[in-house]
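Colleague: Okay, predicted coordinates and the sequence, questions at the end:
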Amino acid sequence: MKLQLPPRISAAAFQRGLAAFERVVGAEWVLASDLDRDTYRDMYQPANETTHVPAAAVAPQSTEEVQALLRLANEHRIPLWPISRGKNLGYGGSAPRMSGSVILDLSRMRRILDVDVKHGYCLLEPGVGFFDLYQHLQDNRIPLWLSVPANAWGSVIGNALERGIGYTPYGENTAQLCGLEVALPSGELVRTGMGAMTNGRAGQLFRYGFGPSWDQLFVQSNFGVVTRAGMWLMPEPEATLGLGFALPEASDIIWALDILAELRLRRVIDTSVTMGNYLRTATMRGQRAEWYQGPGPIPTEIERQIMEKYGLGRWNFTINLFGYDAVNQANARIIRDAFAPHYRGEIRETHWQRGEPLAQSAANIPTVVFLQVVNWWGGRGGHMGFSPILPTDGKEAYTQFEATRQRYEEFGLDHFGGFTMGERYLTNVNQIIYNRDDADMTRRAHALFNALVDDAARAGYGEYRTHLSYMDKVAHSFDFNDHALLRLNETVKNALDPNGIVAPGKSGIWPRAYRGERA
């Protein structure tokens, strides 16, 4: 593939910039071969596409090297695209929004700087993955638990900075961030909150500090490069208890989500309950061809066969309770009583006590099994996640589900959907699974995504994160007062990064220097 350089940068100027980067990190950590460039592309992107193509990558090992690279990037006008481990799969992976950017790969920065058992936090560099931290806690018999996303291949800090979620009471990972160290686009280093004191001792204890609180401004933004961050971890509970439900009809989500919303609001349930349709399980256990090889989405009679074989409902979910066993038992009775007027099926109950193998608990143990879903259609699979935010209202959720399902049918794809219950909101998670070796299917998958963004915006729903290709479209849907929020974001961007060298286009935020690239 032809080398794509940053806008308005000549080949000679680009090579001078890379040579300057080599003096900071060493020649072996400036990665500029054709193979390197291909490695950093979106792994679910068709090979013949020429969007989101990096020009090279550079991999620092320390905060000081990050600072030096940022200063050089300003000097040579070379845009950098920071990644933690590059495993944001389904959203663009390690690829940049703007082709020609140089990947700033932080995966070598993988020190676990501190784990405080008494106060329940860790301090990490961005290259620390979920498997790394989990193993560290297990090897050192530290009684703290992670809250792990479905695909645990990535970075703990990277996941929190992208508003990823796990499935314990600490599952809203971005809310567990406390105290960041950030290299600003100029190369200047700042620490947020109480960590801004030279001898501060509460940097990972109090989220806010004095004056404006900046931690969340570096989430999903391009205002700086996070080089370390504090994360709160959950103390190991005395026990866990799981209650598994299978709802037979699609419309059952109307009453079920309303019950869950009430229990969640009152904190009888304090985890992010995920309700998935039958396809969520089917895609993990085989391929579509084993069931159906005809055109269009899977017929209703085949859906029934899949559900019958695996003992599934139309919707399936487990409510996990964490804490003291007596409290879990009391809350389980409240949940059973709340569901009793509507639910006639079996409730599958699981129990774990401290000291028993973790595999039997509701602990989030890192795994990448979820990535099996991309094999559903055969070929080289891919997926994208479309996830608008809704109110916790069963009727609204059902209306959204029906509209989304009909769109999938219109574009000839199988609907893989579900809802994750937050404290006061629903995330409507829809996976668009496709075979990227099938050009027509790939085209339909992207056309479906465009239609879903437009439909959601008309209904008053917006995505909380999105694929690189749709960042501008989603940002544009937040249109109150002629897109006042986007103007605010870009005002801050231009003040902090006048040369626009950190992640141009991230979350639809374009610096003045590259605003012409928005289209």
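Modeller: Thanks, I have it.
Colleague: What residue spans form the domains of the chain?
Modeller: 11-105, 112-235, 239-471, 479-517 (automatic domain parsing).
Colleague: can you list those in JSON lines and add mean neighbour count, distance to L3 and mean pLDDT?
Modeller: From N, CA and C alone the C-beta is placed, and that goes for glycine too. Listed next are the domains of the chain as JSON lines, based on neighbours: other C-beta atoms under 10 Å; distance: least, C-beta to C-beta, whole Å; pLDDT from 0 to 100:
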{"stretch": "domain 11-105", "mean neighbour count": "20", "distance to L3": "6", "mean pLDDT": "95"}
{"stretch": "domain 112-235", "mean neighbour count": "20", "distance to L3": "24", "mean pLDDT": "97"}
{"stretch": "domain 239-471", "mean neighbour count": "18", "distance to L3": "20", "mean pLDDT": "95"}
{"stretch": "domain 479-517", "mean neighbour count": "18", "distance to L3": "17", "mean pLDDT": "97"}
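Colleague: Dump these into TSV; add distance to K2 as well.
Modeller: Formatted as TSV, the domains of the chain follow (distance: least, C-beta to C-beta, whole Å):
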stretch	distance to K2
domain 11-105	8
domain 112-235	26
domain 239-471	20
domain 479-517	18
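Colleague: To L5, which of those lies closest?
Modeller: Across the domains of the chain, L5 has its closest neighbour in domain 11-105 (5.1 Å, C-beta to C-beta).
Colleague: show me what contacts V219?
Modeller: For V219, the contacting residues are 160-163, 174, 177, by C-beta atoms under 8 Å, 6 or more residues apart in numbering.
Colleague: Among these, which are located in helices?
Modeller: The helices, defined by DSSP state H, take in 160-161 from those.
Colleague: Quickly name whichever of the contacts of V219 is closest to K395.
Modeller: Using C-beta to C-beta, those come closest to K395 at R163, 26.2 Å.
Colleague: check contacts around the closest residue to the closest one other than its chain neighbours.
Modeller: Leaving aside its chain neighbours, R163 sits nearest to T174 (4.7 Å; criterion: C-beta to C-beta, 6 or more residues apart in numbering). If you count contacts by C-beta under 8 Å, 6+ apart, T174 has them with 160-161, 163-164, 216, 219.
Colleague: out of those, what pair is the most spread apart?
Modeller: Farthest-apart pair in these is G164 and Q216; separation 14.4 Å (C-beta to C-beta).
Colleague: Show me where the stretch 301-450 of the chain has its strands.
Modeller: 315-323, 348-353, 381-386, 389-391, 416-421, 425-435 (DSSP state E, counting those that start in this stretch).
Colleague: The first one - contacts with which helices or strands?
Modeller: By that I understand strand 315-323. If you count contacts as 3 or more C-beta pairs under 8 Å, 6 or more residues apart in numbering; DSSP states H and E, strand 315-323 packs onto strand 239-247, helix 253-265, strand 273-277, helix 278-285, helix 325-339.
Colleague: now with 6 Å?
Modeller: Packing partners of strand 315-323 (3 or more C-beta pairs under 6 Å, 6 or more residues apart in numbering; DSSP states H and E): strand 239-247, strand 273-277.
Colleague: Repeat that for the longest one.
Modeller: Helices and strands in packing contact with strand 425-435 are listed as strand 381-386, strand 389-391, helix 394-410, strand 416-421, helix 439-459; criterion 3+ C-beta pairs under 6 Å, 6+ apart.
Colleague: right, and these - which one's nearest S272?
Modeller: strand 416-421 (5.2 Å).
Colleague: what's in contact with the closest one?
Modeller: With C-beta atoms under 6 Å, 6 or more residues apart in numbering as the contact definition, strand 416-421 has outside contacts at 260, 264, 272-277, 279, 397, 426-431, 433.
Colleague: rewinding a little: any chance of the helices and strands packed on strand 425-435 in JSON lines, plus distance to R518?
Modeller: Formatted as JSON lines, these follow (distance: least, C-beta to C-beta, whole Å):
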{"stretch": "strand 381-386", "distance to R518": "21"}
{"stretch": "strand 389-391", "distance to R518": "24"}
{"stretch": "helix 394-410", "distance to R518": "26"}
{"stretch": "strand 416-421", "distance to R518": "30"}
{"stretch": "helix 439-459", "distance to R518": "16"}
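Colleague: out of the ones you listed, nearest to H342?
Modeller: Nearest of the helices and strands packed on strand 425-435 to H342, taken as C-beta to C-beta: helix 394-410 at 11.0 Å.
Colleague: Distance from the chain centre to stretch 373-393, please.
Modeller: Chain-centre distance of stretch 373-393: 12 Å, with C-alpha atoms, centre = their mean, to the nearest Å.
Colleague: about what we covered before: and the contacts of V219, which two are furthest apart?
Modeller: Top of the distance list for the contacts of V219 (C-beta to C-beta): E162 and L177, 11.5 Å.
Colleague: which residues of the stretch 151-300 of the chain fall in strands?
Modeller: 177-183, 189-191, 225-232, 234-235, 239-247, 273-277.
Colleague: Format these as TSV; extra columns: distance to N151.
Modeller: Formatted as TSV, the strands of the stretch 151-300 of the chain follow (distance: least, C-beta to C-beta, whole Å):
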stretch	distance to N151
strand 177-183	20
strand 189-191	30
strand 225-232	18
strand 234-235	20
strand 239-247	21
strand 273-277	14
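Colleague: So for L80, which of those sits nearest?
Modeller: strand 225-232 (7.9 Å).
Colleague: who's in contact with that closest one?
Modeller: 63, 66, 82, 120-123, 125, 157, 176-183, 204, 218.
Colleague: how far off strand 177-183 does it point, in degrees?
Modeller: Between strand 225-232 and strand 177-183, the angle comes out at 160 degrees (axes from the mean of the first three to the mean of the last three C-alpha atoms, to 10 degrees).
Colleague: So that it lines up with my notes, have the first residue be 13 from now on.
Modeller: Yes, from this point I'll number from 13; that puts the last item at strand 237-244.
Colleague: what are the pairing partners of strand 237-244, and which direction each?
Modeller: strand 133-136 (antiparallel), strand 189-195 (antiparallel) (DSSP bridges).
Colleague: Understood, closing this out.
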